[in-house]
Structure formats: structure tokens, C-alpha cells
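>>> Can you look at this prediction? I've put the sequence above it.
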Amino acid sequence: MIHPYRLGGYNIVLDVCSGAVHVVDDLAYDVIGLFEDHSKEDILQILAGKYPAQDVAECYDQVEQLKDMGRLFTPDVFAPMADTLKRRSAGVVKALCLHVAHTCNLNCAYCFASQGKYHGDRAVMSFDVGKRALDFLIENSGSRRNLEVDFFGGEPLMNFQVVKDLVAYARSVEKEKGKNFRFTLTTNGVLVDDDVIDFANKECANVVLSLDGRKEVHDRYRVDYLGNGSWDRIVPKFQRFVEARGGKNYYIRGTFTHENPDFLKDIQTMLDLGFTELSMEPVVCAPGESAALTEEDLETVMGQYEELARLMLRRDREGRPFTFYHYMLDLKGGPCVYKRISGCGSGTEYMAVTPWGDLYPCHQFVGEEKFKLGDIWEGVTNPDVQEQFAACNVYAHEACRDCWARLYCSGGCAANAYHATGSVTGVYESGCKLFRKRMECAIMVAAARELGE
Amino acid sequence: MEHIKTIETRDLCESAKNGGCGECQTSCQSACKTSCIANQQCENKD
């Protein structure tokens, strides 16, 4: 299967199953489009009025050679491997999302976690629960050396002392246990101070800083309990935070909604504020909600993604590059095919832990009682739920079998699928549409950079 | 005449022979927490 498309002045052909990316001229683009269903003679005849016959014949031979080398029209032989990685690592947990605070000092209307409470009571995680969660991770990580823990909420800095104590505990045992803990922190910024900055710069491999871009956009949703916007309070803190990190290992992470499908203006605001590691995501909410993106918005967003790709290349040329999370595509060093077909690992190797120690498949399922997997003392006591997630792979989705982007999204996010369709193996169609556009843009940017243009 | 420029990429068929160590980063832990696999890095390519 191939995916030919034109973007940014390039004719690009992706060979889906080998991962090969080709930048081709107009003639090759036409020949490749005809190649599978026509003979060489047919193609020579069809393109006779458009290109010299000798060029067409020469190009046809080049295409045929690439096919023989396994770099074009490569068949999909991966389906039988779909559960290999999960079978090989059954019972192994390597990442936890620690909900250290089910409470928040902001009252964002679009919060998927219902203002950090996850449709339940306010709560913070005790050190004892957190310590047991880390022990659970170590005990269940098998031979995995790299273990990941994200401090999440709610607002994790509302329980900062426990965060610090848990990191200190993990550092005290990791060498003896042969593990390497990688900590990350997601924060709204309100409680960021020098103590937080020093701690995060010493211990956190990455920090995710929530900022939606333009002040009026950010303050529309990200308000405190008195209704005051938070932009003025957090931007100077984030600037100080990022400067102290040497401008690396962070993401300014925004959400765009029906109110700002023209999110490129928010990206531009982030750049103007001096931030260069950016992630801007479509809101996840029920279709009827006021923040939800409409069909009309999706068209705007698709155009914005293309414009963003052009902006990245322009700033590359000006010597002012920036990173957009979804366009970070390392064509040479990306994940192996096992990872690409087996998905994100939610419910199997990745779990979320509530403040009282319950286990859920990921942070987006917390509060959905029927998805509770078990707890950090007894482990997984609801194997039926885990089995549902273990069976989630790209080949479990009928609609994915004919999608050219399936080895880039791995079947998509189970939580998005569940919230959109009621099934973790459903297909979140508008999410797919945006994902495909992002991948087209990301591949184009990567190819342009590779060509030095 | 060169009609096709092939960009160097990791051969996915080749990665089926030596991949699957599981040490790579969990995608949802990296940045977005909502619409995350191809954006990840292999930790063990060689």
C-alpha cells in the first residue's frame, strides 16, 4: 500500500509497510499512481501526450526497481505479529501516571477530569500510597530497565511535598533494583516557584506546562474559582522555568477548541513569548459541548496544520527553529514495527493510579468504575478489562486495515475511541482525520529537512 | 535522470527481525496526554 500526496510544493509517496518515503517529480507521481493497475505498455500509452516516451520508460524501470527492493508497494505481513509484543511482555508494567492530586487550583471548563476531581471527591495521594505504587511498578516491571512516572492530577503541585518524597524514595532504590526512573510533571503553573523549578530541573526528564496561547484564548477557559484568568500569573513563571531548564526538555502544551480553531495564532503567541518546544492538541470532549470542534472547525484546523508546517520550514531557514510535538518524526530512529502495531500500552504496560491506590488503564479512564483494573496492593483483579486493552492493536480495528496512517497511530487512543463510540476498539473518525493530516505535514517537514530545503 | 529521491528511513520490515524490546517510552507520557506512536524514539535501535 502506498500513500501519494502533494504538500508544500513536494510530491510525496509513502510506502506504508516499509516506511519508505520518496520525494518524486510529476512524472514519477503519475507513473506510481498507475503502476499497480496498468502494464508498462498501458502507462506509456496513457502518458504519451504528457511526457517523452523515453522518460516514462526510464521512470517505470526505477519504480519497478524500488518495488523489487521492498521500498514501494510493500505488502502488509505484520498482522500475525499484532499481539507479539504484548504476549512477550504480558504482566509487565513499565509506566505509571500517578494522580497525586484529585484537586485543582483552576476551574477550567473544558477539563476532561472535571476540574481535577474525575467525577469523584477531592483527594490527594499520601506518601504511603505513592511509595506502594512505585514498589508495584518495580515488582511488576520484569526485565524492563526504563521506568516512567508522570506526576499528574488535578494539579500535582498541590501535593508537592509528596512528589518530592516519592522521587527521593525512587532514587534511593533504583540502583539496587537495576532500574532507571524517568519522571515527568504536568502543571498549570500557578504554584511554580524557585523550589519547584530547582526540583524539576534536577529530577524531571520533561515538564509539561499548560498554556493555551493568546491571553484571551487561554483566559476563556483556564480560570480560577473566582473566574479570574490565569495567563498573567503563569506566563512569567513559565518563562523563568524554561530559561532555568536551558530551553530544553519541556513542552508548552495547549488545547484548542471551537473557540480557536485558528490555533496557529496561539502557536505564534507561544513563539513570541520565547517558547520553542510546543504541543497544541484538539480538545477531547463530547460532541455536543460548547468547546467541541465542529465539522467546519476541522476544515480550518487542517489548513492550520499545513500552514504550521510551512512556518516551521520558514523558521528553519531563518535559523529560528522550533519543535511541534506532533511533527517530531524521526524517520531513521522511530519505533520498530512491533511498537507501531501494538499501540500505546494503556491497561497493560501503562496504568494510572488514583490517590487511594486504584488502578485504571490510563488517566482518561479514571473515574469510570467499570474500567477499574484493581489496585496497587492486589494488582490486576479484573482481568477482563485488561484483556480488552491487551486486544487493542491496529488490526483490531476493521477501519484501520485500509488506512495508510495505521503504522503511525497504531490504531489510535482507546480513550478517545471509547468516549466517541462507546467501545475501546471503536474509531474516533474526526480524530483520525486530524491525525492523518498531521502525519502528512510531519512527513513533508521531515523530508524537506532531509533534503536540506 | 533521477525521478525519485528516496529519503533515508528505518526499514519497518527489517525492524520486525530485531525489534520489540519494549524499552521505548510510553507515548502518553511524553507530551500531550490526549492524542498521541510514530512520535516516539526507539531506545534500542542498534
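Okay, I see it.
>>> what about the stretch 101-250 of chain A, any weak spots by pLDDT?
Residue ranges of the stretch 101-250 of chain A with pLDDT under 70: A:115.
>>> Same check on chain B?
Across chain B (using pLDDT under 70), the flagged ranges come out as B:1, B:18, B:25-41, B:43-46.
>>> Please state the offset of stretch A:151-166 from the chain centre?
Averaging C-alpha positions (C-alpha atoms, centre = their mean, to the nearest Å) puts stretch A:151-166 23 Å from its chain's average.
>>> try stretch A:265-284
Computed by C-alpha atoms, centre = their mean, the chain-centroid distance of stretch A:265-284 equals 15 Å.
>>> Equivalent analysis for stretch A:210-228, please.
23 Å.
>>> and what of stretch A:264-283?
Relative to its parent chain, stretch A:264-283 has a centroid offset of 16 Å by C-alpha atoms, centre = their mean.
>>> so how far does that stretch reach from one end to the other?
Distance between the two ends of stretch A:264-283: 15 Å, counting by C-alpha to C-alpha, to the nearest Å.
>>> Buried by neighbour count: which residues of it qualify?
For stretch A:264-283, burial by neighbour count (16 or more other C-beta atoms under 10 Å in any protein chain shown) applies to A:264, A:266-267, A:269-271, A:275-283. (Glycine included, C-beta is placed from N, CA and C.)
>>> now, which of those residues lie close to chain B?
Checking the buried residues of stretch A:264-283 against chain B by C-beta under 8 Å from any C-beta of the partner chain, the ones in range are A:S279, A:E281, A:P282.
>>> Ignoring the adjacent residues along the chain, who's closest to the first one?
In this case it means A:S279. Among residues not flanking A:S279 along the chain, A:Y325 sits closest, at 3.7 Å (C-beta to C-beta, 6 or more residues apart in numbering or on different chains).
>>> give me the number of residues near whichever residue of the stretch 51-200 of chain A sits closest to chain B?
Among the residues of the stretch 51-200 of chain A, A:A95 lies closest to chain B, at 3.9 Å counting by C-beta to the nearest C-beta. By other C-beta atoms under 10 Å in any protein chain shown, 27 other residues sit near A:A95.
>>> does it have beta-bridge partners, and which?
Beta-bridge pairing for A:A95 (DSSP bridges): A:E148, A:Y350.
>>> any idea of the pLDDT on it?
Predicted confidence (pLDDT) for A:A95: 92.
>>> Just confirm it contacts A:F152, I think it does.
No. Taking contacts as C-beta atoms under 8 Å, A:A95 lies outside contact range of A:F152: 11.6 Å.
>>> Give me every residue in the stretch 301-450 of chain A lying close to chain B.
Neighbours of chain B within the stretch 301-450 of chain A, by C-beta under 8 Å from any C-beta: A:325-326, A:328-340, A:343-346, A:349-350, A:362-364, A:407-410, A:413, A:416, A:431, A:434-435, A:439, A:442, A:446-447, A:450.
>>> cutoff 7 Å now
A:325-326, A:328-340, A:344-346, A:349-350, A:362-363, A:407-410, A:413, A:416, A:431, A:447, A:450 (C-beta under 7 Å from any C-beta of the partner chain).
>>> out of these, which are buried?
Neighbour counting with 16+ other C-beta under 10 Å marks A:325-326, A:328-331, A:334-340, A:344-346, A:349-350, A:362-363, A:407-410, A:413, A:416, A:431, A:447, A:450 as buried within these.
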